[in-house]
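model the following, please.
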Amino acid sequence: MGKLFGTDGIRGIVGEDLTHELAMKVGEAAAYVLGGKKDLVVLIGRDTRISGQMLASALSAGFMSQGAKVIDLGVVPTPAVSYLVKKYGASMGAMISASHNPAEYNGIKLFNNEGFKLPDATENEIEKYLLGKAVPATTKVGTYEMCEDAVEDYVNHIVETAENINTKLKVVVDCANGSASATAPLLFEQLGMDATLINFEYDGYNINDKAGSTHLEGLIKQVKKLKADVGIAYDGDADRCLMIDENGNEVDGDQIMAISTLDLKKNGKLTNNTLVGTVMSNLGLVKFCEANDVHFEATKVGDRYVLEKMLECNFIVGGEQSGHVIYKNFANTGDGELTSVQILNILSKEGKKLSELASVMKRYPQVLLNVKVREEAKGQYENDSQVTKAIKDVEKALNGEGRVLIRPSGTEALIRVMIEGLDQDDINKKAKKIADVIEKKFGI
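The predicted structure is shown next:
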């Protein structure tokens with residue numbers, strides 16, 4: 001992985017790690033690397049952060065400095081950019097978002113002309129120009145225009161995947177004060193559902209603030225208060241979806257994938273009988289696959305790697321516990337609103353409660369601790385004797401009834417400590433033991 005690009009584009013605190021100068025350079029470099037001699041048409045979308053307009057302007061300037069035609073989609077979900085790049089016949093797309101992070105962060109994700117996130121090799125080539133190599137001069141000057149149809153075109157695409165949804169289902173939708181605020185009201189109106197929307201009045205600063213898929217408390221409260229059938233939570237750029245059942249219990253990405261996989265298998269549509277997850281997928285998902293004679297394929301963390309495996313082997317469903325779920329027949333990336341519609345399809349068809357559908361997978365107790373570290377520690381901790389000893393001691397104590405996974409974050413200066421086992425209190429203590437060692441050696 002390069003110095004600037006992480007597992008999901010470039011991301012950082014605006015004004016510190018991510019500046020308007022860097023955004024302009026990204027546009028210039030990406031246009032040169034991906035454009036070649038052809039006329040480049042670029043779509044740019046953003047979430048609701050206050051910095052989005054500034055970064056969109058800078059990114060647009062970079063693209064136009066290489067002769068590109070920039071089409072500004074405004075506030076849209078990340079998967080809308082992926083979808084519309086192909087629909088509009090654009091050369092590439094860019095999304096300005098820091099996903100589930102707080103408002104002071106922002107980021108840049110790039111897509112090719114097929115709506116796929118760029119592979120590491122292409123990002124590395126772009127990065128060379130961001131870190132010193134000069135982009136060749138040109139006299140070309142590009143143009144800029146706003147697109148007024150992006151939200152409607154994207155929503156129509158999602159609605160087309162709906163299959164006789166029971167419009168009497170009582171649904172509460174948390175938009176995270178993010179991108180879904182621009183699309184979810186129209187989506188559920190077109191689905192004919194009287195959905196209760198929360199956290200959809202954004203001000204540039206409240207994105208993900210005690211809202212959305214990383215803060216489910218408010219949604220759980222509303223589901224219980226309204227006695228709703230389903231709660232739906234998106235993240236800041238709406239590429240994730242988590243759900244709440246009628247009892248107020250979380251249904252995470254792994255459970256959503258289990259529900260979808262079982263439905264696809266039952267209907268003879270599970271291509272190559274495989275579900276793709278990641279090394280962070282709950283052990284319960286692996287056990288679910290074993291029990292239902294489904295092959296489970298694990299990739300590195302990041303929905304781009306899940307998609308790469310799906311494309312390579314013609315698998316049609318995959319994703320992450322965090323709620324990035326990819327339905328390859330409909331999308332080239334994780335799509336929160338698409339995911340919610342697919343589960344509403346199954347709920348309507350089966351006539352069951354969400355809790356009953358989710359019960360097909362037993363979720364193993366899991367703990368995930370994030371340890372703030374010096375950036376260089378992300379490449380050093382694996383070779384540290386004290387850290388490796390702490391990990392081996394915990395693995396021995398688990399005695400095969402769980403697992404330990406330690407990995408650096410692809411977007412932040414963090415090392416993530418994840419443990420699964422049979423007892424929540426026990427794994428909490430074991431995770432803290434490892435985290436304390438990492439923090440003592442590499443913490444800030």
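
what's the span of stretch 288-298, first residue to last?
14 Å (Cα to Cα, to the nearest Å).

any idea which element the residue nearest to Tyr144 when sequence neighbours are not counted lies in?
Once flanking residues are discounted, Tyr144 sits nearest to Val70: 4.7 Å by Cβ to Cβ, 6 or more residues apart in numbering. Where you see a C-beta, it was placed from the backbone N, CA and C, and this is true even at glycine. Per DSSP states H and E, Val70 falls inside strand 69-75.

helices or strands up against that strand?
strand 41-46, helix 52-64, helix 78-87, strand 143-146, helix 150-159, helix 180-190 (3 or more Cβ pairs under 8 Å, 6 or more residues apart in numbering; DSSP states H and E).

quick revisit: number of residues surrounding the residue nearest to Tyr144?
26 (other Cβ atoms under 10 Å).

and it, what does it touch?
For Val70, the contacting residues are Val42, Ile44, Ser60, Phe63, Met64, Gly142, Thr143, Tyr144, Glu145, by Cβ atoms under 8 Å, 6 or more residues apart in numbering.

report the beta-bridge partners for it.
Judged by DSSP bridges, the bridge partners of Val70 are Val42, Tyr144.

re the thing from before, please identify the most buried of the helices and strands packed on strand 69-75.
Mean neighbours per residue, mean count of other Cβ atoms under 10 Å, is largest over the helices and strands packed on strand 69-75 for strand 41-46, with a mean of 27.

can you state the direction angle for it and helix 52-64?
If you take axes from the mean of the first three to the mean of the last three Cα atoms, to 10 degrees, strand 41-46 sits at 170 degrees to helix 52-64.

so Leu307 makes contact with Asp335?
No: the pair Leu307 / Asp335 is not scored as a contact, 11.5 Å apart, by Cβ atoms under 8 Å.

neighbour-wise, which of these two wins?
Legend: neighbour count by other Cβ under 10 Å for Leu307 and Asp335, higher for Asp335 (33 against 24).

my guess is the more buried one contacts Val81, does it?
No: counting by Cβ under 8 Å, Val81 is not a contact partner of Asp335; they are 11.0 Å apart.

any idea which helix or strand comes after the helix or strand bottoming out on mean pLDDT in the chain?
Ranked by mean pLDDT, DSSP states H and E, the helix or strand of the chain with the weakest confidence is strand 5-6, at a mean of 84. Remark: after strand 5-6, the chain's next helix or strand is strand 9-13, criterion DSSP H and E.

how's this structure carved up into domains?
5-149, 157-247, 251-358, 366-442 (automatic domain parsing).

can you flag the weakest of the ones you listed by average pLDDT?
When those are ranked by mean pLDDT, domain 366-442 comes last with a mean of 91.

now do the end-to-end distance for that one.
24 Å.

centre of the chain to that domain, how far?
23 Å (Cα atoms, centre = their mean, to the nearest Å).

buried stuff in the lengthiest helix in the chain?
The helix spanning the most residues in the chain, taking DSSP state H as the definition, is helix 424-442. Under the neighbour-count criterion of 16 or more other Cβ atoms under 10 Å, helix 424-442 has Asp426, Ile427, Lys430, Ala431, Lys433, Ile434, Ala435, Val437, Ile438, Glu439, Lys441, Phe442 buried.

what's it packed up against?
strand 366-372, helix 385-398, strand 403-408, strand 414-420.

using CSV, lay out these together with distance to Ala182 and mean neighbour count.
Listed next are the helices and strands packed on helix 424-442 as CSV, based on distance: least, Cβ to Cβ, whole Å; neighbours: other Cβ atoms under 10 Å:
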stretch, distance to Ala182, mean neighbour count
strand 366-372, 30, 18
helix 385-398, 44, 15
strand 403-408, 33, 19
strand 414-420, 30, 22
